[in-house]
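>>> need coordinates for the below:
(2 chains)
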Protein chains: 2
Amino acid sequence: MKATVTVMLKAGVLDPQGKAIGQALHGLGFSGVGEVRAGKVIVLDLAETDAARARAQAEEMARKLLANSVIESYRVEVA
Amino acid sequence: MKATVTVMLKAGVLDPQGKAIGQALHGLGFSGVGEVRAGKVIVLDLAETDAARARAQAEEMARKLLANSVIESYRVEVA
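All right, here's what the predicted structure looks like:
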């Protein structure tokens, strides 16, 4: 199964990358842009064929490696 | 409206970050992991209230700044 883990900085954590993107967009003339947040997405090909178990595996990977739970939150989608 | 732009390396483009993540996961004992691809996600707060126009704006931003269309593909979701 394919699992997609999306990792974002938690609300309230300063996001300099997002801020830089926002400023660059303003510089290009996109005036209607408010807050910009940048994150990571990791797409995993898993041998597991059961959706619930694949999700549990991907969540364990997120906890152990992919996300820093002090400052980041993650979301897992399985397809 | 909130627009989410997901940027991934195109299929066939070497993804060293994804490869490193895959090797780290194997090292942690996750044996059922095949290919891993890493990408970026950018969440934009747009002043635009019309979904179609917000999507068009976000796609223009992706083309002009957020994605390198030579090696990356992007997907826009509006909510």
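>>> what sits against residue A:79?
By CB atoms under 8 Å, 6 or more residues apart in numbering or on different chains, residue A:79 lies in contact with A:1, A:2, A:3, A:4. Every residue, glycine included, has its C-beta placed from N, CA and C.
>>> give the helix, strand or coil label for the closest residue to residue A:33 other than its chain neighbours.
Nearest residue to residue A:33 in three dimensions, chain neighbours excluded: residue A:25, at 4.9 Å (CB to CB, 6 or more residues apart in numbering or on different chains). For residue A:25, the assignment made with DSSP: H, G, I helix; E, B strand; the rest coil gives helix.
>>> just the one 4 residues further on next, same as before
Put simply, residue A:29 is coil when judged by three-state DSSP.
>>> okay, now it: neighbour count?
By other CB atoms under 10 Å in any protein chain shown, 7 other residues sit near residue A:29.
>>> tell me where chain A has strands.
Assigned by DSSP state E, chain A shows strands spanning A:2-9, A:33-46, A:72-78.
>>> turn those strands into a markdown table, including mean neighbour count, distance to residue B:70 and mean pLDDT.
Conversion of the strands of chain A to a markdown table gives the following (neighbours: other CB atoms under 10 Å in any protein chain shown; distance: least, CB to CB, whole Å; pLDDT from 0 to 100):
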| stretch | mean neighbour count | distance to residue B:70 | mean pLDDT |
| --- | --- | --- | --- |
| strand A:2-9 | 20 | 24 | 98 |
| strand A:33-46 | 20 | 20 | 98 |
| strand A:72-78 | 17 | 28 | 98 |
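>>> how about these, which one is nearest residue B:58?
Closest to residue B:58 of those, according to CB to CB: strand A:33-46, at 9.6 Å.
>>> list of residues touching stretch A:14-29?
Applying CB under 8 Å, 6+ apart, the external contacts of stretch A:14-29 come out as A:9, A:33-38, B:42-44, B:61, B:64-66.
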